[in-house]
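K.L.:
missing the sequence, but the structure's below:
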């Protein structure tokens, strides 16, 4: 995972997550997760519904705080950061692709791709617009960059979402069922695009998927069962 002894991009040690702590309905969802994600790694996260995948992804995405254990992202101890620092780190280090693309319907493709920069900086600089246009060309949408989401197919909309996730050059992209809302052909195309981008720019990817075909095309499969990492399958 970490060639040459390079420190991992993500390092979880004994990570736990409990909801309703101290109440009669207290529930621990994650039970001491140890996990590393290497730099430039492309990994799949699989597991049955209710296994804790969404909770783990939310913690990795700095959307929820763990209840115990440690989380280091690019060497930084995340659990020690305040909310403002977490927001700053999320915007600078992470990209997100979801099953439903969450594009703004009133904005064209180019404007949707630049939204993370607008949220971070309060404006969209020329260099960002140029990078957004280049990313849309990279994902095969050079001719559609001024079309609104309603004018694009589902697969095309997901390509816009992928470009949006990459606009700020994150170290890690978290993709939650990125092909789950697509037909088989579009799913294969989008996944091939993710793999190609990974190979070209070296961004780390963690892809949540229920599709064993897609998981098998990742560098490594992490399986979560009942809130614990399962031993690797042989």
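P.N.:
Noted; the coordinates are in hand. Model, not experiment: these values are computed from the prediction. Residues are numbered from 1 along each chain as shown.
K.L.:
who does residue 37 bridge with?
P.N.:
Taking DSSP bridges as the rule, residue 37 bridges to residue 10.
K.L.:
List the contacts of it.
P.N.:
Contacts for residue 37 were tallied using C-beta atoms under 8 Å, 6 or more residues apart in numbering; they are 1, 8, 9, 10, 43, 172, 204, 206. No exception for glycine: its C-beta is placed from N, CA and C like everyone else's.
K.L.:
so what secondary structure elements neighbour the lowest-mean-pLDDT helix or strand in the chain?
P.N.:
Within the chain, no helix or strand scores below helix 184-201, which has a mean of 82 by mean pLDDT, DSSP states H and E. Under the contact criterion of 3 or more C-beta pairs under 8 Å, 6 or more residues apart in numbering; DSSP states H and E, helix 184-201 touches strand 42-46, helix 154-166, strand 204-208.
K.L.:
Any idea how far the longest one is from the middle of the chain?
P.N.:
How far helix 154-166 lies from its chain's middle: 13 Å, per C-alpha atoms, centre = their mean, to the nearest Å.
K.L.:
and it, what does it pack onto?
P.N.:
Checking 3+ C-beta pairs under 8 Å, 6+ apart, helix 154-166 ends up next to strand 94-98, helix 109-113, helix 126-138, strand 172-176, helix 184-201.
K.L.:
tilt between the least confident helix or strand of the chain and strand 204-208?
P.N.:
160 degrees (axes from the mean of the first three to the mean of the last three C-alpha atoms, to 10 degrees).
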